[in-house]
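Participant: Need a 3D model of the following:
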Amino acid sequence: MSPREPVRKPNKRVDKPPKDRPNPIRLNPPPHSQRHLLAVDMGLRTGLALYGPDGRLQWYRSKHFASRAELRRGVTSILREAPPLAWIWLEGGGDIAEVWEKQAAHRGIDFRQIQAHDWRPTLLLPRQQRNGEIAKREADGLARRVIVWSEISKPKGDLRHDTAEAILVGLHGAISVGLLERLPSM
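Facilitator: Numbering: from 1, shown residues only. Got it, this is the predicted structure:
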């Protein structure tokens with residue numbers, strides 16, 4: 001190297017940890033007695049359902065995100081206000097799902113992305129899944145039974161199908177991760 005050549009700086013930023021290092025949040029997951037599961041039925045209208053460490057539904061709601069920027073802010077706010085989460089189970093796909101996945105990774109939360117054909121066989125009989133309309137109607141009825149079984153407030157009006165499906169995605173997730181041993185009798 002001659003005295004006139006500039007000193008080359010490394011291409012990598014030194015202040016960023018390498019990708020192969022574990023996320024520091026994952027090293028301190030919430031204790032088993034505090035782990036919650038957030039279920040999301042994604043779309044323009046997003047259904048949300050939170051399950052507690054005992055496997056029971058704690059709350060459910062529907063949220064409309066008008067833009068991707070509003071979605072990013074909304075997801076950040078939802079996750080910040082949530083109790084300690086061990087899992088996010090999301091039904092849906094596309095670039096909107098990436099917003100949830102990135103936020104989950106940033107916080108060290110186990111992220112699972114599924115589709116309706118993954119959870120419906122666990123919770124609905126084959127005759128209840130013959131077509132989308134029947135499946136949505138049956139999902140509404142089962143979600144209402146989950147609400148009653150969980151001993152939380154019933155919806156004041158109609159239960160939106162995105163919220164009903166989020167409740168069932170969460171029930172499937174609660175069974176899958178061991179919050180519940182089996183489908184409760186409702």
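Participant: make it CA atoms for all contacts and neighbour counts henceforth
Facilitator: Will do.
Participant: Could you look up the SS state of K136?
Facilitator: helix (DSSP: H, G, I helix; E, B strand; the rest coil).
Participant: which residues does it contact?
Facilitator: Applying Cα atoms under 8 Å, 6 or more residues apart in numbering to K136 gives the contacts H161, E165.
Participant: From H161, how far out is it?
Facilitator: Noted for K136: a distance of 7 Å to H161, by Cα to Cα, to the nearest Å.
Participant: Show me the beta-bridge partners of the closest residue to I167 other than its chain neighbours.
Facilitator: Spatial nearest neighbour of I167, excluding adjacent residues (Cα to Cα, 6 or more residues apart in numbering): A49 at 5.3 Å. A49 has these beta-bridge partners by DSSP bridges: A39, Y60.
Participant: which residues in the chain form helices?
Facilitator: With DSSP state H as the criterion, the chain has helices at 68-81, 95-107, 116-123, 132-149, 161-177.
Participant: Mean neighbour count, those: which tops it?
Facilitator: helix 161-177 (a mean of 25; mean count of other Cα atoms under 10 Å).
Participant: residues in contact with it?
Facilitator: Applying Cα under 8 Å, 6+ apart, the contact partners of helix 161-177 are 37-42, 45-51, 55, 57, 60-62, 89-91, 119, 122-123, 136, 139-140, 142-144, 146, 180-183.
Participant: ditto for stretch 93-103
Facilitator: In contact with stretch 93-103 (Cα under 8 Å, 6+ apart) are residues M42, R68, L71, R72, V75, T76, L90, F111, Q113.
Participant: Spit out the contact partners of the fourth one.
Facilitator: With contact set as Cα under 8 Å, 6+ apart, R72 has these partners: V99.
Participant: How much space separates it from L123?
Facilitator: With Cα to Cα as the criterion, R72 and L123 are 31 Å apart.
Participant: if we can go back for a sec, what's the closest of the helices of the chain to H32?
Facilitator: helix 161-177 (11.5 Å; Cα to Cα).
Participant: Next, the angle helix 132-149 makes with that closest one.
Facilitator: 70 degrees (axes from the mean of the first three to the mean of the last three Cα atoms, to 10 degrees).
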